[in-house]
Every structure is written in C-alpha cells, then in structure tokens.
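Undergrad: got a sequence here, can you build the structure:
(2 chains)
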Amino acid sequence: MMNLTVNGKKAAIDGKDAVNIPALLTELKVEQPDYVTVELNGDILERENFETTLVKDGDSVEFLYFMGGGGR
Amino acid sequence: MLSEEQIARYSRHIILKEVGGKGQQKLFDGRVMIIGAGGLGSPIALYLAAAGVGTIGIADADVVDLSNLQRQVIHQTKDVGVAKVLSAKEKMQAINPELKVNTYREWISSANIGEIIKDYDFVIDGTDNFAAKFLINDACVLAGKPYSHGGILQFDGQTFTIEPGESACYRCIFPTPPPKDAIPTCSVAGVIGVLPGVIGTIQATEAIKFLLGKGELLTNRLLTYNALRMRFREVPVKKSAKCPICGENPTITELKDELDALNVCDLDDR
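TA: Numbers count the residues shown, from 1 in each chain, chains lettered A, B, ... in the order given. Here you go, the predicted structure:
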C-alpha cells in the first residue's frame, strides 16, 4: 500500500508500491486527465514524462486544473 | 499633495502605517489595466476606484446581458444592452469622480494588447477564455509587466500574481491552452455568483499592494479556493526552465493569438 498526499489530503492506494502518472490519474479518478497539470513533490511534470515518472509511498501530488471563467 | 477632501475620503487608508499619505499618493499616481468588465472585473474595478487608484483602464467589447447581473455587480438592471466598459465607468466615477477611467471597447488580440497595456503599471486578467488568458500572460511576460491571473468555474477559483522574469508565469504551470471546448465554461457549467467577488477582490488587493510596494505578492503560489468546502489552498509553483515563454530557451518570442483556444467560454457570438 502507498500513502500519498493529494492536493493536501491523505490518500492511499492499495496493493501497489509505485504507480506511474497515467495509472495514478486513473486510480484517483481525476477528471479531465488529458488537461490536468501534475506537480510531484513540488515540481511540475512534463506531460511527455508521465509514463516514466513513478509515484511512491510518501509522495505529495498536486493536480492543477484549468479555470477559464471570469468574464461573462 | 492630497487635498482636505482626499484626506477625509481616504482617512481609513491613511491611518494604516503601510499606506499613509505617501501610499495614498502612490495609489493616486498608479495606473492599473483591467481586462474584462465581467464577473472578476466588476469587484476589481469597484474596489480600485474606491481605493483611489488614479488611472484605471478597462477593456471589454461586450454589452451587459440580463444573465450577467447574478454576479457582475458593477452592472445594474438599467444597464442591460449598454457597453460593459461604459456601464463600469459610470459606477467607478460615481464612487470616485476624480479618477481617470480609460475605456477600451474591444476584444484584446495580439494586434492591440501591446498598445493597451503599455502605459499601465499593473495588469489584471479578468477574462473568461483561454485565448485571452494566454495572450495576457504572453504580452505581460514579453513587456516585463506584472499582472494578476484569475480564473473561476462553478464553485472553484484560482489566482496568482506574475512578476515576469522573477516568478512563475501562467505557462510555467500550463504550457499550452487546452483545445477549444475541452474545458467546461461558466455559461455551460455555471458559476456561483459570489465566487468572482472572492477572487476579484484578491486580485485588486494584489494591484494595491504592488502600487504601495508593501507586503508579499502572491507570486510562486497558486491560490485555489473552493466555495462549497470553504477552503483556500496554496500550491507552491516554480518558474520553469522549460517554460515556452519565460524559460531558458523560449519558443514564444512574439505575440500570437491562440486561435485553437478561442471560443472556449461562450464566445460563439464574437
């Protein structure tokens, strides 16, 4: 099992020691996974490195979303 | 020098040690450009006018619609059909007649944004679409102009301040705009009316602090807000070496319109 901090909250993923970013996005049911910005332990990841980047026990992850409203 | 009347009007500012008479004069000499006279632009324009920011620019090509009034508090029922920039100017000058309010009744584009922002000290993004948000970022980064980003949707908002060259820019976090229609819009997905009040007043606060030269700006921190859970969070962000505009090898060296991102937020009738 891995314990993570996701957007400031504790989250646990059962049965795995490490997952890559696409698997994490699926596991955590992140909305609009194609457009989310992912920050791992304070560093923003490049999308091209999503497959090869592993998230491990104790890591801190932030999902940052586009918010386009404001005007009309 | 502040007049007697100004000393009375701004007395609650002047007694603050961080403002004082000198600070109030700085605000009066300050020039802030607000892009968008809608949900975010409304509280920003009202508060900056009340605070005595001496020159305020406001850009928007739209006219007031009945569906705006639920959150765009600078506009009133009588203003439906009136140009937003003129409706906004009327309220700003009613609060504070000594201000200079410059109106730009146009949509920003790569062709006009340089000219629109060039005489201002600080720029505020109060727009509703990614084409404009990326264009404001690019224009401000290339011109070295500090600005405040703001975005809202449903019950969520985000804001941060960019000091070009010094702190993370919008593209450091979001390198490219999402494709057209990929992200739900306020007109489709809705927005709770008080939300732009919360985010817009934070943006106005940043402009005021910048003009005063006091406090810490909201740089390298993305402030997110969720109204349903009533939570603010601060996500540390960093200037990216690979940022396409402010990184080590920028690929964006001149302004262009992000045409693919146009039409994201209810812009079909442009």
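Undergrad: can you pull out the helices in chain B?
TA: For chain B, the helices defined by DSSP state H occupy B:4-9, B:11-14, B:20-29, B:41-51, B:84-95, B:113-117, B:130-143, B:170-173, B:186-189, B:195-212.
Undergrad: relative to chain A, which of those is closest?
TA: Of all those, helix B:186-189 sits nearest to chain A, with 3.8 Å by CB to the nearest CB. Placement of C-beta: from N, CA and C, glycine included.
Undergrad: could you check how far residue B:255 is from chain A?
TA: With distances taken as CB to the nearest CB, to the nearest Å, residue B:255 is found 19 Å from chain A.
Undergrad: ranges for the helices of chain A?
TA: Along chain A, the segments classed as helices by DSSP H run A:21-27.
Undergrad: just want the most central residue of chain B.
TA: residue B:124 (2.5 Å; CA atoms, centre = their mean).
Undergrad: stretch B:112-119: which residues count as buried?
TA: Neighbour-count burial for stretch B:112-119 flags B:113, B:116-117 (criterion: 16 or more other CB atoms under 10 Å in any protein chain shown).
Undergrad: quick one: these as TSV, columns for distance to residue B:32 too.
TA: As requested, the buried residues of stretch B:112-119 are arranged in TSV below (distance: CB to CB, whole Å):
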residue	distance to residue B:32
B:113	15
B:116	12
B:117	10
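Undergrad: which one among those residues gets closest to residue B:75?
TA: Taking CB to CB as the measure, residue B:75 lies nearest residue B:116 of those, at 21.4 Å.
Undergrad: now the residue in the stretch 1-150 of chain B that chain A sits nearest to: how far from residue B:250?
TA: For the stretch 1-150 of chain B and chain A, the shortest gap (CB to the nearest CB) falls at residue B:128, measuring 3.1 Å. Distance from residue B:128 to residue B:250, counting by CB to CB, to the nearest Å: 27 Å.
Undergrad: now do the strands in the stretch 101-250 of chain B.
TA: Taking DSSP state E, counting those that start in this stretch, the strands of the stretch 101-250 of chain B run over residues B:122-125, B:147-153, B:156-162, B:221-226, B:231-236.
Undergrad: and chain A, by the same measure?
TA: Secondary structure of chain A, counting by DSSP state E: strands at A:2-6, A:9-13, A:18-20, A:37-40, A:43-44, A:54-56, A:60-64.
Undergrad: which stretch among the ones you listed comes nearest residue B:217?
TA: Per CB to CB, nearest to residue B:217 of the strands of chain A: strand A:60-64, 19.2 Å.
Undergrad: what are the buried residues along the closest one?
TA: A:61-64.
Undergrad: what stretches of chain A score poorly on pLDDT?
TA: A:71-72 (pLDDT under 70).
Undergrad: apply 50 and report the result again.
TA: Nowhere does chain A drop to pLDDT under 50.
Undergrad: next to chain B, which bits of chain A? Give me the list.
TA: Where chain A comes near chain B, counting by CB under 8 Å from any CB of the partner chain, the residues are A:7-8, A:32, A:34-35, A:37, A:39, A:42-44, A:46, A:62, A:64-72.
Undergrad: the same query, at a cut-off of 6 Å, please.
TA: A:8, A:35, A:37, A:42, A:62, A:64, A:66-72 (CB under 6 Å from any CB of the partner chain).
Undergrad: nearest spatial neighbour of the closest residue to chain A within the stretch 151-270 of chain B, skipping sequence neighbours?
TA: Going by CB to the nearest CB, chain A is nearest to residue B:151 of the stretch 151-270 of chain B, at 3.2 Å. Once flanking residues are discounted, residue B:151 sits nearest to residue A:67: 3.2 Å by CB to CB, 6 or more residues apart in numbering or on different chains.
Undergrad: what's near enough to touch that neighbour?
TA: Residues in contact with residue A:67 (CB atoms under 6 Å, 6 or more residues apart in numbering or on different chains) are B:151, B:153, B:158.
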